[in-house]
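Visitor: Take this sequence and fold it.
(one chain, ligands or ions: 1)
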Amino acid sequence: MRRQCPFAPPAEYAQLREEAPLARVMLPSGRTAWVVTRHAEAQQVLADPRISTDITRPGFPALTPETPESARKRGRLHEGEFFNVDPPEHDVYRRMLIPEFSVKRVKAMRPGIQTVVDRLIDEMLSGGPPADLIESFGQPVPSMVICQLLGVAYEDHVFFQSRIRNRKMVTVAGETALARAAIAEIRAYLDDVVTRAEQEPGDNLVGRLVTERLATGELSHNALVGMIHQLLIAAHETTHNMIPLGVLTLLRHPGQLAELRADPALWPGAVDELLRYHSIVDGAGFARVAIEDIEIGGQLIRAGDGVFVLTASANHDERSFERPDDLDIHRGARNHLAFGYGVHQCLGQNLGRAWLEIAYETLFRRVPGLRAAVEVDDLPFKYDTAIFGMYEFPVAW
Ligand code: HEM
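Guide: I've put the predicted structure just below:
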């Protein structure tokens, strides 16, 4: 089910949600799976240890028909890639990273993020108008901050950006050859980053993991590469899509934007509301498989059944949010599921919120005349990728 409008979940969701909290759907692969449509049941599924994210388990739902290659891929995960691993193995890796994303550590990162954001806005202003907000701002903000986080050279953000641009050719239908090549290049690069840190550990995330975990034998070289690879992708693909979408949405709500400009203390609430409103990681990003028979929402899910949580539907569930289709920066929408829920809930959410807050606040403060340079109907939205966003966003001021 695709979005038909960039400012709303797929139209079918409302109907499904009305009918039942869980619905049986036919996948393009010809297999069937459950979709979870309501907020309460979505939380239940995401928190239930009998529902697994392990893609190697039998029955794990694939959107495309199984090929020899996809079967091979399902059967092998790189060490350290903990997104698709269940506890207790999942927790081993996650626990090592938790201190890196604490409220305190993220607070300490804010001045660095602000410097990156200001520098990019300076460059955008000196080169335009017009400018593509994605190329000049949405993409480089996360890749440059990730370079700081990983302790890799500032110049390398160009490398990351170009590879990540190719990697994003990962669509809901699977990986393209270009994406596969980009993934291999990123991994090779990160392997090198870890090797250098082993020789000379810096005061950054990789350096600390090398000193505290690798040197003690808790973590292997390859597992560390796997961990930071997933971190990089998780951080980049989400933030760089949220930045332009949030900007466009606020431009379409001038009253709320004026309030935010007048009172910057409103930004944290606005960021959560934008995350809820767009719910850019949806069904395909929340694939799961039941490992035991369980009953949820009055529905029996059998062991081996595939499950997709439609967080964009849950976040627009009228049982949990009043007027869910309206953007309301005063809503206090912290119970949204845009960062997931349960043991896999976004590890970088404090950092993601800080990035978005600083990016939006600074952009709207420093570029008061910011506007879309083309009509919304002419903007290329990513209706085909696993994470929603925009391919280009021409702006003027
Ligand atoms: C602001 C935009 C962001 C959004 C919307 C977002 C969304 C999500 C979602 C929905 C999940 C859970 C997926 C699932 O349960 O299957 C997740 C997991 C994760 N995210 Fe984020 N994320 C964002 C930013 C970040 C950042 C900035 C980082 C790191 C620097 C990050 C690191 C992670 C990691 C490591 C996981 C996996 C956690 C686990 O499996 O235990 N994310 N994210």
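Visitor: contacts and neighbour counts: CA atoms only from here.
Guide: Noted.
Visitor: Can you give me the separation between the nearest residue to Arg105 once chain neighbours are set aside and the ligand?
Guide: With CA to CA, 6 or more residues apart in numbering as the criterion, Arg105 has its nearest non-adjacent residue at 7.6 Å, and that residue is Pro99. Distance of Pro99 to the ligand, given as CA to the nearest ligand atom, to the nearest Å: 12 Å.
Visitor: cool, and Ile183?
Guide: Ile183 is 17 Å from the ligand, by CA to the nearest ligand atom.
Visitor: Please apply the same query to Leu310.
Guide: Distance from Leu310 to the ligand, by CA to the nearest ligand atom: 11 Å.
Visitor: give me the number of residues near that residue?
Guide: 27 (other CA atoms under 10 Å).
Visitor: and stretch 356-370, average pLDDT?
Guide: For stretch 356-370, the mean pLDDT works out to 97.
Visitor: That one: which residues count as buried?
Guide: Within stretch 356-370, the residues that qualify as buried are Leu356, Glu357, Ile358, Ala359, Tyr360, Thr362, Leu363, Phe364, Leu370, counting by 16 or more other CA atoms under 10 Å.
Visitor: Helix, strand or coil: sort out the fourth one for me.
Guide: Right, the one you point to is Ala359. Put simply, Ala359 is helix when judged by DSSP: H, G, I helix; E, B strand; the rest coil.
Visitor: Could you pull up the residues touching it?
Guide: Gln114, Val117, Ile243 (CA atoms under 8 Å, 6 or more residues apart in numbering).
Visitor: Go through those and name the one nearest the ligand.
Guide: Ile243 (8.6 Å; CA to the nearest ligand atom).
Visitor: and that closest one, what element?
Guide: Ile243 belongs to helix 221-251 when assigned by DSSP states H and E.
Visitor: right, and the helix or strand after that helix?
Guide: Per DSSP H and E, the helix or strand that comes after helix 221-251 is helix 254-262.
Visitor: So Gly369 sits against Pro254, correct?
Guide: No. Gly369 lies out of contact with Pro254 (CA atoms under 8 Å); the separation is 11.9 Å.
Visitor: Alongside the ligand, which residues does the stretch 251-397 of the chain contribute?
Guide: Residues of the stretch 251-397 of the chain lying near the ligand by CA under 6 Å from any ligand atom: 281, 285-286, 338-340, 343-349, 351-353.
Visitor: filter these to the buried ones?
Guide: Buried members of those, scored by 16+ other CA under 10 Å, are 281, 285-286, 338-340, 343-344, 346-349, 351-353.
Visitor: now stretch 102-114: how far from the chain's centre is it?
Guide: Stretch 102-114 sits 19 Å away from the centroid of its parent chain (CA atoms, centre = their mean, to the nearest Å).
Visitor: Buried ones in it, by neighbour count?
Guide: Within stretch 102-114, the residues that qualify as buried by neighbour count (16+ other CA under 10 Å) are Ser102, Val106, Met109, Ile113, Gln114.
Visitor: I'd like to know how many residues surround the nearest residue to Val210 once chain neighbours are set aside.
Guide: Excluding its sequence neighbours, the residue lying closest to Val210 (CA to CA, 6+ apart) is Glu198, at 6.2 Å. Neighbour count of Glu198, defined by other CA under 10 Å: 18.
Visitor: On the three-state scheme, Glu198 is what?
Guide: Glu198 is classified as helix under three-state DSSP.
Visitor: Report the residue spans of the stretch 101-250 of the chain with pLDDT below the cut-off.
Guide: Along the stretch 101-250 of the chain, the model assigns pLDDT under 70 to residues 154, 164-179.
Visitor: what sits against Arg331?
Guide: For Arg331, the contact set (CA under 8 Å, 6+ apart) comprises Gly269, Glu273.
Visitor: for it, helix, strand, or coil?
Guide: Recorded secondary structure, Arg331: coil (three-state DSSP).
Visitor: So it versus the ligand, what's the distance?
Guide: Look at Arg331 and the ligand: by CA to the nearest ligand atom, they are 18 Å apart.
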